[in-house]
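J.: Sequence first, then the predicted structure:
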Amino acid sequence: MNGFCRSRRSSPGYNGPMIHLIKRLAFVLFAVALASCASAPPTAPEPRPEGLGRVEITMTGFENEEGQALVAFFLDDSGWPDPDESIFATLEVPISDGQAFAVVEDVPAGPFAVSVFHDEDSDRELGSGALGIPSEAYGFSADARSPFGPPKFAEARLELAAGETKQITIRVK
Ligand SMILES: [Ca+2]
């Protein structure tokens, strides 16, 4: 500790400008970071077209009728894909013959995405086993699938037109 302090004091001619340079560099890096933040603001909500539609969701691929299908409906990536974070609609629907069916009414036209999982033990959580790999079947609109974690909203995104009834199928696995 003393040695460190002494060496700094003993050569001010070298360390002084060096420290100044490091401070300047740090400031430049900070300014660059700020500028890159300014050029990429958080995604602003897109303007949506006027009007409402309806989405009919058929889910297939269930291996048994335990529990229910938990369907979460999103209009943007806020909270995606957590059913408890969906600000638009979360539905629990029964499973029969390996299938489940849900209807979401009065959906604002524009982009949407749906996440589904088979909540076999009815705890409202996507069960996971070893290494965090899901133990309950799940799926997303647009057949979105990602090898690591859930796909992004943009990958599962579909479009609804005003006055449209859109029928989609989500296969869980
Ligand atoms: Ca569960």
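T.: Sure thing, it's come through.
J.: Need the pLDDT of the closest residue in space to Glu136 that isn't next to it in sequence.
T.: Nearest non-adjacent residue to Glu136, counting by CB to CB, 6 or more residues apart in numbering: Gly127, 4.4 Å away. All C-beta atoms are positioned from the backbone trio N, CA, C, and that covers glycine. Looking at Gly127, its pLDDT reads 95.
J.: now Ser36
T.: 54.
J.: so the residue nearest to Glu136 makes contact with Ser135?
T.: Yes: counting by CB atoms under 8 Å, Ser135 is a contact partner of Gly127 at 4.2 Å.
J.: These two - which one has more neighbours?
T.: Legend: neighbour count by other CB atoms under 10 Å for Gly127 and Ser135, higher for Gly127 (16 against 12).
J.: what residue ranges in this protein score low on pLDDT?
T.: Applying pLDDT under 70 to the chain flags the ranges 1-45.
J.: what do you get if the cut-off is 90, keeping everything else the same?
T.: Applying pLDDT under 90 to the chain picks out residues 1-48, 86-87, 129-133, 146-149.
J.: Can you give the domain ranges for it?
T.: 2-39, 52-171 (automatic domain parsing).
J.: out of the ones you listed, nearest to the ion?
T.: Evaluated with CB to the ion, those place domain 52-171 nearest to the ion, the distance being 4.4 Å.
J.: so what's the backbone phi/psi at the residue nearest the centre of the chain?
T.: With distances taken as CA atoms, centre = their mean, Trp80 lies nearest the centre of the chain, 3.7 Å away. When read as degrees, to the nearest 10, the backbone of Trp80 gives phi -50, psi 140.
J.: Next, Leu131: secondary structure please.
T.: Under DSSP: H, G, I helix; E, B strand; the rest coil, Leu131 falls in the helix class.
J.: related to what we said a few turns ago, most packed of the domains of the chain?
T.: Ranked by mean neighbour count, those are led by domain 52-171 with a mean of 17 (mean count of other CB atoms under 10 Å).
J.: how distant is that domain from the center of its chain?
T.: 13 Å (CA atoms, centre = their mean, to the nearest Å).
J.: does any part of that domain sit near the ion?
T.: Yes: for domain 52-171, a contact with the ion is found by CB under 5 Å from the ion, at 119, 121, 123, 125, 127.
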